[in-house]
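Peer 1: Show me how the following folds:
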Amino acid sequence: SFLVGRQAVLDAAYITEKLHDACELLQRSKLMAAPPPDDPLLENLVFFLRQNPERYRNFPTVDIYLRVLLLLKSSDEKQYAPALKAAQEQQARLSFADQQIIYNYLQNFCIEQINKGNGSFLEELFRLYMVQLEERLFFEGGYLPQWHYKNIVTTGLRLGQTDWVRKFIEEYRQHLNPEVADNAYRYNLAAWYYHQGQPQEVMGLLFQVEYTDLRYNLDAKSLLLRTYYDLEEEEALLALTDAFRQYLKRNKKMSEFQKKGYYNLLKYTRRAFRLKINQGITRQDRWNRSLEKLIRDLAAADTVFNRSWLEGKVNELRGEG
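Peer 2: Modelled structure (predicted):
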């Protein structure tokens, strides 16, 4: 009857919103490094849905948000493929807003895995970016947000797609909001030059970037840190790490997770840099012991931003040692 059908629609709408909110709370709790609030109703709902998978088969958002919630909650990479498959199969039935939200959760899961050292998710993240770019899921108010522009560049460079990335930087500059276009373009072009091994170009562009935004400030400092490391600019690197630490200490807008990631980046970069400049000066057996300790400590650290870059530099030391 009409009323029975109406109740099913209302239930599905409520359940979808309940699951969506649960995903959002869980995502935010991870950023704040705090557990999400207890929700017995949600726990009972999840149990019911898992026991009755056919009940809301005609409402794809229920199934997809449930899969995403279980994925985010467990951080189990085995649950990623089924969640992605469900989103892809039902994409035509999802609203544009739901597509944006779901793909954003999936990409954040990939980023979480990468930050944990699971490099296999880097290519998957890039594929998600390509889908969202093609479907224009990234666009807001007719513009490509600068942070998506940057994330695509960063991921492409890490995968060695340098020619593609340079073309992307130039072509999509026109799709950025004019208020931020120049800043975003200069920073990302500097990142591209870094991967091309042209540090002087990097510094020239970074000095033109305005650091009014927190993320640009952090990203530019991190890129400058890598540049000083490669150039073996000891005084500049040590001064930057000291200033960076003070910046992190004073900043009230960053989560403890973010601060920990950057603190570890600075700590292990300094240790790697000392080994680099002391190679051939420090007694070899002592130098080797310090390198092995750095390798162990870095492997045991759970949160290190720019981990893949740092591990690459440590591997270079291992080859030299």
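Peer 1: Tell me the spatial nearest neighbour of the spatially most central residue of the chain, not counting adjacent residues.
Peer 2: Nearest residue to the geometric centre of the chain (Cα atoms, centre = their mean): residue 111, 4.1 Å. Of all residues not flanking residue 111 in the chain, residue 125 sits nearest, at 6.5 Å (Cβ to Cβ, 6 or more residues apart in numbering). Yep, even glycine has a C-beta here, placed from its N, CA and C like the rest.
Peer 1: cool, and residue 102?
Peer 2: Residue 102 sits nearest to residue 87 (Cβ to Cβ, 6+ apart), 5.1 Å away.
Peer 1: Show the pLDDT at that neighbour.
Peer 2: Residue 87 is assigned a predicted lDDT (pLDDT) of 93.
Peer 1: Downstream of the helix or strand that contains it, the next helix or strand is which one?
Peer 2: Residue 87 belongs to helix 80-89 when elements are defined using DSSP states H and E. Using DSSP H and E, the helix or strand that follows helix 80-89 in sequence is helix 96-115.
Peer 1: avg pLDDT for the host helix or strand of residue 167?
Peer 2: In this structure, residue 167 sits in helix 162-171 according to DSSP H and E. Helix 162-171 carries an average pLDDT of 97.
Peer 1: which strands and helices sit next to it?
Peer 2: helix 146-158, helix 181-195 (3 or more Cβ pairs under 8 Å, 6 or more residues apart in numbering; DSSP states H and E).
Peer 1: Next, report how far that helix is displaced from the centre of its chain.
Peer 2: Distance of helix 162-171 from the chain centroid (Cα atoms, centre = their mean, to the nearest Å) equals 20 Å.
Peer 1: Give me the buried stretch members for that helix, please.
Peer 2: By 16 or more other Cβ atoms under 10 Å, the buried positions in helix 162-171 come out as 165-166, 168-169.
Peer 1: With stretch 94-105 instead?
Peer 2: Neighbour-count burial for stretch 94-105 flags 94, 98-105 (criterion: 16+ other Cβ under 10 Å).
Peer 1: Can you give me the distance of residue 114 to residue 138?
Peer 2: 19 Å (Cβ to Cβ, to the nearest Å).
Peer 1: More neighbours: which of these two?
Peer 2: Higher neighbour count among residue 114 and residue 138: residue 138, with 22 against 19, using other Cβ atoms under 10 Å.
Peer 1: Let me see the contact set for the residue lying closest to that one once chain neighbours are set aside.
Peer 2: Excluding its sequence neighbours, the residue lying closest to residue 138 (Cβ to Cβ, 6+ apart) is residue 148, at 4.4 Å. The neighbourhood of residue 148, defined by Cβ atoms under 8 Å, 6 or more residues apart in numbering, consists of 129, 132, 138.
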